[in-house]
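Colleague: Mind folding the following:
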Amino acid sequence: MRLAVLGSGGIGGYYGALLAKGGHDVAFIARGAHLEALQQSGLTVRTPEGAFTISVNAVADTRSLAPVDLVLFCVKSYDTEPAAQALAPLMARDTAVVTLQNGEAAYRALGSTGLRSDTRSLGKKEQFNSWKLRFGVLTP
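Modeller: Sure, this is the predicted structure:
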């Protein structure tokens, strides 16, 4: 499965890393120092069971990617509308979007951004904490 993680911080980075570790083709969309760390050193996840580091495809601009099967939409709520504008290059007729964000307002905001009416968009209430220890390093 081809996936894109839009918002590759604590939540998106964690789930994306697990999917990539499981053999899926995952592209991470990030910015700034976090993007640089992902490109240079990969993504490290530290858990109580141990740590792992994976090499990742990390980009700043969704226009450099082909359409995917699934988008994990994991940006901060205040970035929902601007980030939704970056979805178009990732979308094919059968692409699904799963939003893992804080609060139902973010899910409603995503729905009002002009996604095609036939786009499958799924919301999930997330009760999971994950943090960036530093750029490129996450812990649940």
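
Colleague: Please name every helix or strand in contact with the helix ranked longest in the chain.
Modeller: In the chain, with assignment by DSSP state H, the single longest helix is helix 10-21. Contacting helix 10-21 under the criterion 3 or more CB pairs under 8 Å, 6 or more residues apart in numbering; DSSP states H and E are the following elements: strand 2-6, strand 25-29, strand 43-47, strand 50-54, strand 70-73, strand 131-134, strand 137-139. Yep, even glycine has a C-beta here, placed from its N, CA and C like the rest.

Colleague: And the first one, what's buried?
Modeller: When burial is assessed from 16 or more other CB atoms under 10 Å, strand 2-6 yields the following buried residues: Arg2, Leu3, Ala4, Val5, Leu6.

Colleague: in stretch 86-94, what counts as buried?
Modeller: Neighbour-count burial for stretch 86-94, with 16+ other CB under 10 Å as criterion, is recorded at Ala86, Leu87, Leu90, Met91.

Colleague: just curious, which of these is nearest to Val68?
Modeller: Leu90 (5.3 Å; CB to CB).

Colleague: Quick check on that closest one: phi, psi?
Modeller: phi -90, psi -10 (degrees, to the nearest 10).

Colleague: Low-confidence regions, the chain specifically.
Modeller: Scanning the chain for pLDDT under 70 picks out 102-134.

Colleague: quick one: Ser77 from Gly7, how far?
Modeller: For Ser77, the distance to Gly7 under the criterion CB to CB, to the nearest Å works out to 11 Å.

Colleague: secondary structure element for Val97?
Modeller: Secondary structure assignment for Val97, by DSSP states H and E: strand 96-99.

Colleague: other SSEs contacting that strand?
Modeller: Other helices and strands packing on strand 96-99, by 3+ CB pairs under 8 Å, 6+ apart, are strand 70-73, helix 104-111, strand 120-123.

Colleague: Enumerate the positions of it that are buried.
Modeller: Those buried within strand 96-99 under the rule 16+ other CB under 10 Å are Val97, Val98, Thr99.

Colleague: For the second one, give the beta-bridge partners.
Modeller: So that's Val98. Leu72, Leu122 (DSSP bridges).

Colleague: ok, so of the buried residues of stretch 86-94, who is nearest Glu49?
Modeller: Each of the buried residues of stretch 86-94 was checked against Glu49 using CB to CB; the closest is Leu90, at 31.8 Å.
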